[in-house]
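Student: sequence first, then the predicted structure:
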Amino acid sequence: MISFVFYLSFLLIFVVFAVYAERKTAAFIQNRLGPMEVGPKGILQTIADLLKMLQKEDIRANAVDLIPFLIAPIIVFSAVFTGFSVLPINEELIGSNITSGVFFLLAIVSLDVLGILMAGWASNNKYSLYGAMRSIAQIVSYEVPLGLSVLCVVIISGTLNLNEMSVLQSDSGILSWNLVRHPVLIVPFIIFFISGLAESNRTPFDLPESESELIGGYHTEYSGFRWGMFMLSEYGMMLLLSILGTVLFLGGWSSLISNFAEGPIWGSFWLLSKSMLLIFIQMWIRWTLPRLRVDQLMSLSWKYLTPISILMLFICAMWKLWIIG
């Protein structure tokens, strides 16, 4: 319950500051100022936008299929947020300490495609339906290399429990992190990161909501709080995959140096700091790379990432058998 309250409150605060940070990052990369008027250096701009969004009318077109239209954003957010239940925060707050934590997380998060399909279909709008089909095809395609890259870590660690994975990486500082201790995981980490961008609909994989083609994708017909739930889910997926990547590859809550700045508070600090670094890189990529075409997106998944993931799965199995023993 404590983990639930922590992640819910942190997610809400994170979204407010992440939107502001992304605007400032975009402005810096494009050599402009970004938000400057509302509050010091525009720091209150996101809060003003949030209040404006909450006050907007929940408009529904006459032709929408009402019940799935209303339920869709709830399903998407619930699927994403439930994934946080198995993520350890520190050595004391370990969430739901189930033995199949990795399997549960990947399974429950994949249910967001149901909400996306409901949103696109129930909107009775061709652009929304196109966006939903694009998103589903993209998420299903990139779940394959994502799952295979995670399976590489499972083979090396010998457990599906995310808390045990964190404990195994906490004895020697950075030298005990999976990415450093087992160099064979470098390629799976890169595949995991790229697939995570696609799962979160982040550039260069933001085709489901490409404004120049589909207006807004599957949430074209949504407004106010329900549109905000889709946005919250997108940033929640960014945070979820970044924390998962930290736990799998970057030592979880462990510090850079063994026996330095340890304990529950410092453990939370290290976990979230490494996760924020991954999120910053995602923002950096968004304002650096152009959007892929649909054929390029699918080719990257099925022709390159998936075969490489299968090969790395075999290599990690040999590493576990011959090197680790």
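Tutor: That came through fine.
Student: low-scoring stretches of the protein, by residue?
Tutor: Across the chain, the ranges flagged by pLDDT under 70 are 1, 210-216, 261, 325.
Student: just the helices in it please.
Tutor: 2-29, 45-55, 66-82, 101-109, 112-122, 126-157, 162-168, 178-181, 186-199, 211-214, 224-249, 264-286, 294-299, 306-318 (DSSP state H).
Student: which among the ones you listed is found nearest to I324?
Tutor: In terms of CB to CB, the element of these nearest to I324 is helix 126-157, at 7.2 Å. C-beta coordinates here come from the backbone N, C-alpha and C atoms, glycine included.
Student: okay, angle between that closest one and helix 224-249 too, please.
Tutor: 20 degrees (axes from the mean of the first three to the mean of the last three CA atoms, to 10 degrees).
Student: helix 126-157 vs helix 112-122, what angle?
Tutor: Using the same axes, to 10 degrees: helix 126-157 against helix 112-122 is 180 degrees.
Student: which positions in helix 126-157 come out as buried?
Tutor: By 16 or more other CB atoms under 10 Å, the buried positions in helix 126-157 come out as 127-139, 141-157.
Student: what residues does stretch 271-279 touch?
Tutor: 10, 18, 88-90, 193, 238-239, 242-243, 245-247, 250-253 (CB atoms under 8 Å, 6 or more residues apart in numbering).
Student: likewise for stretch 3-22?
Tutor: In contact with stretch 3-22 (CB under 8 Å, 6+ apart) are residues 35, 42-43, 45-47, 49-50, 81, 84-85, 87, 89, 93-96, 231-232, 235-236, 238-239, 272, 279-280, 283, 286.
Student: just the CA coordinates for that stretch, please, in CSV.
Tutor: The C-alpha trace of stretch 3-22 is given here as CSV (Å, rounded to 0.1, in the frame of the first residue of the first chain):
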residue,chain,number,x,y,z
SER,A,3,4.5,1.6,-2.6
PHE,A,4,1.1,2.3,-4.2
VAL,A,5,0.8,5.7,-2.6
PHE,A,6,4.5,6.5,-3.3
TYR,A,7,4.2,5.7,-7.0
LEU,A,8,0.9,7.4,-7.5
SER,A,9,2.0,10.6,-5.8
PHE,A,10,5.4,10.5,-7.5
LEU,A,11,3.8,9.9,-10.9
LEU,A,12,1.5,12.9,-10.6
ILE,A,13,4.4,15.2,-9.5
PHE,A,14,6.7,13.7,-12.1
VAL,A,15,4.3,14.5,-15.0
VAL,A,16,4.1,18.1,-14.0
PHE,A,17,7.9,18.6,-13.9
ALA,A,18,8.6,16.2,-16.8
VAL,A,19,6.4,18.3,-19.1
TYR,A,20,8.2,21.5,-18.0
ALA,A,21,11.6,19.8,-18.4
GLU,A,22,10.7,18.5,-21.9
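Student: what's the neighbour count on E37?
Tutor: Residues lying near E37 (other CB atoms under 10 Å) number 9.
Student: same thing with T306?
Tutor: When neighbours are counted by other CB under 10 Å, T306 comes out with 18.
Student: who touches it in this structure?
Tutor: 144-145, 148.
Student: give me that answer again for 10 Å
Tutor: Under the criterion of CB atoms under 10 Å, 6 or more residues apart in numbering, the neighbours of T306 are 141-142, 144-145, 148, 191, 195, 300.
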